[in-house]
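Visitor: here are the coordinates; sequence isn't available:
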DNA sequence: CGAACGATTAGCT
DNA sequence: GCTAATCGTTCGA
């Protein structure tokens, strides 16, 4: 029995949501797979875009939960977050890696490579493989083009420090499926 | 208005 | 392991 996640399912804090999302299936226009790596960000978190309050870029993080927050990374990549916690809080979960399951040929085309392990192993790669664009910023995750299906089976989850940040680099707010070959890095 | 800086990746050593 | 690529956001003058 599949359960499609609803905005109500994103009202918890970002750490709980990040944990819940491991093993969930994410599809964008039918293309995607199983989420194997996430990171939590929060308003009181110096490494978060929402630290310091709302700005033009991060406004989606301060909107209602269960929406997408899409931002441009290093002027090159589009990265996808799920907004969570109560409206106005500025919390979100970064989708860092996916195990490709559906539309693999489409992802290969978009990424310009064949190796399935590298199609979605990293936030920028996920954005490119799933065709994430800035106009998806703020869109509901329970409506087209998105589909998020809750985890159906237990998985072994590991936690560790987040990647690529300089502030609050010590807290273990990165989560992943233990020993998955599709992680952006091993834990 | 100018300048520094990324929640990254690919490619080369 | 190291670094260039590349540009929007943010912050200080």
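Guide: That came through fine. Predicted model only: the values in this text are computed from it and were never measured.
Visitor: just for chain A, where's the confidence low?
Guide: For chain A, no stretch is flagged by pLDDT under 70.
Visitor: looking at this, residue A:39 is in a strand?
Guide: Yes. Residue state for residue A:39 (DSSP: H, G, I helix; E, B strand; the rest coil) corresponds to a strand.
Visitor: surely it and residue A:161 touch.
Guide: No. Assessed by CB atoms under 8 Å, residue A:39 is found out of contact with residue A:161, at 9.6 Å. All C-beta atoms are positioned from the backbone trio N, CA, C, and that covers glycine.
Visitor: centroid residue for chain A?
Guide: The centre of chain A sits closest to residue A:95, judged by CA atoms, centre = their mean, with a distance of 1.8 Å.
Visitor: which strand residues bridge the nearest residue to that one once chain neighbours are set aside?
Guide: Closest residue to residue A:95 apart from its sequence neighbours, by CB to CB, 6 or more residues apart in numbering: residue A:80 at 4.9 Å. Partner residues in beta bridges with residue A:80, using DSSP bridges, are residue A:70.
Visitor: before we move on, back to that, what's the helix or strand for the residue nearest to the centre of chain A?
Guide: strand A:91-102 (DSSP states H and E).
Visitor: buried stuff in that strand?
Guide: Residues A:91-100, A:102 are the ones in strand A:91-102 that count as buried (16 or more other CB atoms under 10 Å).
Visitor: are that strand and DNA strand C in contact anywhere?
Guide: No. Strand A:91-102 stays clear of DNA strand C (CB under 7 Å from any atom of the strand), getting no nearer than 13.4 Å.
Visitor: after that strand, which helix or strand is next?
Guide: With elements assigned by DSSP H and E, the helix or strand that comes after strand A:91-102 is helix A:104-111.
Visitor: could you identify the helix or strand that succeeds that following helix?
Guide: With DSSP H and E, the next secondary element past helix A:104-111 is helix A:123-130.
Visitor: remind me what that following helix packs against, helices and strands.
Guide: strand A:31-41, strand A:68-73, strand A:77-84, strand A:91-102, helix A:104-111 (3 or more CB pairs under 8 Å, 6 or more residues apart in numbering; DSSP states H and E).
Visitor: now the third one, how far from the centre of its chain.
Guide: Going by CA atoms, centre = their mean, to the nearest Å, the spacing between the C-alpha centre of strand A:77-84 and its chain's C-alpha centre is 5 Å.
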